[in-house]
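Peer 1: What follows is a protein structure lacking sequence information:
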């Protein structure tokens, strides 16, 4: 990064964005990250003064769904400024060069050892038969992941596939597809952002956090940011009142469906899925699955293609509707949690852990919410 | 003579590799290879057919929604389910929105940099750019010299920092770039405008489908988004109003930005109307039912096929029974020998990689060289996609497509033969976007009318319970994805998926050679493409990008127990 790079102030001005609008945006990011409001100026400061961090976005056994989600970054126009905080050096779906010229872009990032960079990985990585089920430029995805992620300051695995193999890794897993954590074991700075796809609001927040604090946000044992994956959907669901009152959708399009009753009987996996979907919504908060009228499919959960199906089968053994503790228990049980104590309110814990800028970020105060099943 | 390799082919979805032979500045031969394989059909086996769309949609996140649609249609076809009118309308609105958004993203964010030199935009005169903008699109508001100055300043700031990011190592200054600096600056401005625009337009998907990408309100039998004018939690007047605003903005952008840009850019690249012709055969299943009777006649975009560029006659009828797939040059084997072509119902899959061990420099293109199979229609390679659809609609005498095609030919002062080209393909995509943007408001209006008259049904639940299904059922569902004809086939046994398969647009277009050695559409279209500098094969990208490749969609495997399949009844 050259020293005379233009300040964010200048970049904002070039886009006709006032400083006030920018600070408001930082405030919104602070809320997403579940940080106290006092952090907004710190984030703003970091975004204003930081160099543009080089980012390498790798696509392997992917559908580009996370890339598409990334393109929907929607916090009005100012989000594009945050994206200008990074320098997207390599992203096959977006970049101008192809072939050797594209490889040159990647090689340059890897060769510049003095400049830390961030790796973002989308898609699973096939390991069967020497990894020949995905090659780029004649090299296997496995070897590319190894060489890039090992050198990155941090790696963000976006989407279910890069986390735990996603659907290519679902039974019978024809290509031996795995996520980054398995393909490149022992990475110290790895953030997992499951979801099919991940929600870009959360990715934007992780990037801002990384640029601000020069480290990753607090993570659970699965490496998922607590601010986004720390709470059960069921506990924040807009239809929760109907669940507590025993008002359920009985068939698609019935009166209860039209009135927004609880979708539990239609197979909703909200009672066992940890995600901030109800709080941040999708596409600039326009809607989200349960809000629209279809149950949650549990796409942020471990191995969800095998564990949270059939989609329309109701979750077993929920007794005593209306008792929050019961629903929490269901969520934990369904995910195979062995942790003692009630630890589902991870975001509250995260806030406590963040109560001062000096607070530990090692997650020690923040109990793990889940462990992987099977 | 030089053989050049382009891998990764960027600004597409997925992993495409091209090996191209160049002699005397022209492509003399080409091989298209897909280098990634996952295996959706195997994963689907044994699962609840009502879940299939949730999985199948994830074949592709760029063509999100289209596989979900083909999947529910296949299961509905198998079980004999007629969906309610509201579900038909909601699906049409969703798919139509997908066309508009996807085509615009392709033009501005995937294809434009083949024609637009961003670096040249730095030296444009903002005042002259403003004049150009007003000349090509008199009503578009973002046209002042100050606006273009601001865009240029933003670009200068970006470039001045020394970090060009995704634009680093582009082929800037290549002799094949022909646009004046002002046209380049105008295009860069619209690249950025389109980035904001697509994010807004796609909110129609969020309103009807909960989110984008990967919508979540499909159901076998209808949709899970309720319609009720009197509740907050359903499609109501407020949401109809919001969709109207978005549909209006979609049409405005297409009319006032996309189409004028397309015509302006095409004017500088008319030589590309004689390059990139391809196989000259075209196939479309048709789409956008205007009624629920399941008839071919009800489809707004017609079903049909054209052979040997013959658009003077009515398009031929299409029967899926004439579809077959080769694996002669694909990394699979057939029990009866790899020279045969099998109908998808009898398809077999045994993936068997015989390519070079990585890392490698070249594929053995005389042998097997791709994860794509080679679909053929009645033995012929077929091009699918916007050009195929527009040509078939044109040949079928559909009024509006005919008028739009005529208008473009007249504006560019070229004859109908110009359609069979790289430029024709790119132009057809634009025309189709306009055609569909004109339709969107109508379907929203029909939905509103239904709602007003108390027609609130969104789902036919008669066959929702697996207990109501026959022990065995089979069906086929088709759609026209933005990239072309898409079919899903499903066989259900004892309430579970016994077999599932998809034949996908990019498999048609990007297929390797068949047993007779005939090239696929990409490979054919690349022949004779000029290459000024083999180190910077910009022209090759132009032609292959004109197809809008989507590799994630295209690699699939058919059932492993295909021999068990009996004939599927196709009612549609």
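Peer 2: Everything's here; your move. This is a predicted model, so every value here is computed, not measured.
Peer 1: how close does whichever residue of the stretch 251-374 of chain A sits closest to chain B get to residue B:329?
Peer 2: The stretch 251-374 of chain A approaches chain B most closely through residue A:260 (3.0 Å), counting by C-beta to the nearest C-beta. From N, CA and C alone the C-beta is placed, and that goes for glycine too. Between residue A:260 and residue B:329 the computed distance is 54 Å (C-beta to C-beta, to the nearest Å).
Peer 1: what do you get for residue A:188?
Peer 2: Plainly put, residue A:188 is 44 Å away from residue B:329 if you go by C-beta to C-beta.
Peer 1: Which of the two has more residues huddled nearby?
Peer 2: Comparing residue A:188 with residue B:329 by other C-beta atoms under 10 Å in any protein chain shown, the one with more neighbours is residue B:329, at 24 against 7.
Peer 1: Spit out the contact partners of that one.
Peer 2: Residue B:329 sits next to B:367, B:368, B:369, B:370, B:374, B:512, B:513, B:514 when contact means C-beta atoms under 8 Å, 6 or more residues apart in numbering or on different chains.
Peer 1: which of those count as buried?
Peer 2: Neighbour counting over those (16 or more other C-beta atoms under 10 Å in any protein chain shown) leaves B:368, B:369, B:370, B:374, B:512, B:513, B:514 as the buried ones.
Peer 1: mind listing what the third one touches?
Peer 2: This means residue B:370. With C-beta under 8 Å, 6+ apart, residue B:370 has these contacts: B:32, B:33, B:34, B:329, B:330, B:331, B:511, B:512.
Peer 1: 10 Å instead?
Peer 2: Taking C-beta atoms under 10 Å, 6 or more residues apart in numbering or on different chains, we find residue B:370 in contact with B:16-17, B:31-35, B:37, B:327, B:329-332, B:355, B:363, B:507, B:510-513, B:520, B:554-555.
Peer 1: Strands - which of the residues you listed land there?
Peer 2: Those of those mapping onto strands are B:16, B:17, B:31, B:32, B:33, B:34, per DSSP state E.
Peer 1: any idea which of those has the most stuff around it?
Peer 2: Within the ones in strands among the contacts of residue B:370, most neighbours by other C-beta under 10 Å means residue B:32, with 32 neighbours.
Peer 1: picking up where we left off before, pLDDT at the residue of the stretch 251-374 of chain A closest to chain B, what is it?
Peer 2: Reported pLDDT at residue A:260 in the predicted model: 98.
Peer 1: thought it was touching residue B:232?
Peer 2: Yes: if you go by C-beta atoms under 10 Å, residue A:260 and residue B:232 touch, sitting 7.0 Å apart.
Peer 1: And those two? Which one has more around it.
Peer 2: Legend: neighbour count by other C-beta under 10 Å for residue A:260 and residue B:232, higher for residue A:260 (22 against 11).
Peer 1: Please report the distance of that one from residue B:229.
Peer 2: Shown here: residue A:260 relative to residue B:229, a distance of 15 Å by C-beta to C-beta.
Peer 1: got the contact list for the residue of the stretch 251-374 of chain A closest to chain B?
Peer 2: Neighbour list for residue A:260: A:238-239, A:241-242, A:247, A:249, A:290-291, A:293, B:226, B:228, B:231-234 [criterion: C-beta under 10 Å, 6+ apart].
Peer 1: now residue A:253
Peer 2: So residue A:253 contacts A:293, B:84, B:86-87, B:219, B:221-228, B:234, B:456-461 (C-beta under 10 Å, 6+ apart).
Peer 1: what about 8 Å?
Peer 2: Contacts for residue A:253 (C-beta under 8 Å, 6+ apart) come out as B:222, B:226, B:227, B:456, B:457, B:458, B:459, B:461.
Peer 1: can you redo those as JSON lines with secondary structure?
Peer 2: Below are the contacts of residue A:253 laid out as JSON lines (DSSP: H, G, I helix; E, B strand; the rest coil):
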{"residue": "B:222", "secondary structure": "strand"}
{"residue": "B:226", "secondary structure": "coil"}
{"residue": "B:227", "secondary structure": "strand"}
{"residue": "B:456", "secondary structure": "coil"}
{"residue": "B:457", "secondary structure": "coil"}
{"residue": "B:458", "secondary structure": "coil"}
{"residue": "B:459", "secondary structure": "strand"}
{"residue": "B:461", "secondary structure": "coil"}
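Peer 1: Tell me the one among those nearest to residue B:140.
Peer 2: Closest approach to residue B:140 among these (C-beta to C-beta): residue B:227, at 35.1 Å.
Peer 1: any weak-confidence spans in the stretch 151-300 of chain A?
Peer 2: Within the stretch 151-300 of chain A, no range satisfies pLDDT under 70.
Peer 1: who in the stretch 401-550 of chain B is up against chain A?
Peer 2: B:456, B:457, B:458, B:459, B:461, B:464, B:535, B:536, B:537, B:541 (C-beta under 8 Å from any C-beta of the partner chain).
Peer 1: thinking again about what came up before, nearest to residue B:502, of the contacts of residue B:329?
Peer 2: residue B:374 (15.3 Å).
Peer 1: residues in contact with the closest one?
Peer 2: Residue B:374 is in contact with B:325, B:326, B:327, B:328, B:329, B:330, B:511, B:512, B:513, B:514, B:520, counting by C-beta under 8 Å, 6+ apart.
Peer 1: Go again with 7 Å.
Peer 2: Residues in contact with residue B:374, defined by C-beta atoms under 7 Å, 6 or more residues apart in numbering or on different chains, are B:325, B:326, B:328, B:329, B:330, B:511, B:512, B:513, B:514, B:520.
Peer 1: Number of residues surrounding residue 199?
Peer 2: No chain was given, so I picked chain A. 26.
Peer 1: Wait, chain B was what I had in mind.
Peer 2: Counted with other C-beta under 10 Å, residue B:199 comes out at 22.
Peer 1: Any chance you could list what contacts the helix or strand where it lies?
Peer 2: Using DSSP states H and E, residue B:199 maps to helix B:181-201. Under the contact criterion C-beta under 7 Å, 6+ apart, helix B:181-201 has outside partners A:71-72, A:74, A:77, B:97, B:100-101, B:104-105, B:108-109, B:112, B:116-118, B:120-121, B:123-125, B:128-129, B:132-133, B:142, B:148, B:151-152, B:155, B:246, B:249-250, B:253, B:257, B:261, B:264.
Peer 1: Now list the buried members of those residues.
Peer 2: Among the contacts of helix B:181-201, the ones that count as buried by 16+ other C-beta under 10 Å are A:71-72, A:74, B:97, B:100-101, B:104-105, B:108-109, B:112, B:116-118, B:120-121, B:124-125, B:128-129, B:132-133, B:148, B:151-152, B:155, B:246, B:250, B:253, B:257, B:261, B:264.
Peer 1: Which residue comes closest to residue 287 once chain neighbours are left out?
Peer 2: Using chain A. Excluding the flanking residues, the one nearest residue A:287 by C-beta to C-beta, 6 or more residues apart in numbering or on different chains is residue B:206, at 4.5 Å.
Peer 1: switch to chain B, that's the one I care about
Peer 2: Nearest residue to residue B:287 in three dimensions, chain neighbours excluded: residue B:480, at 3.8 Å (C-beta to C-beta, 6+ apart).
Peer 1: so the one you found makes contact with residue B:289?
Peer 2: No: counting by C-beta atoms under 7 Å, residue B:480 stays clear of residue B:289, with 11.4 Å between them.
Peer 1: So between the two, which is more surrounded?
Peer 2: Each of residue B:480 and residue B:289 has its neighbours counted (other C-beta under 10 Å); residue B:480 has more, 29 against 21.
Peer 1: packing partners for the host helix or strand of the more buried one?
Peer 2: Using DSSP H and E, residue B:480 sits in strand B:472-481. Judged by 3 or more C-beta pairs under 7 Å, 6 or more residues apart in numbering or on different chains; DSSP states H and E, the packing partners of strand B:472-481 are helix B:66-79, strand B:484-493.
Peer 1: average pLDDT for it?
Peer 2: Mean pLDDT, computed over strand B:472-481, is 94.
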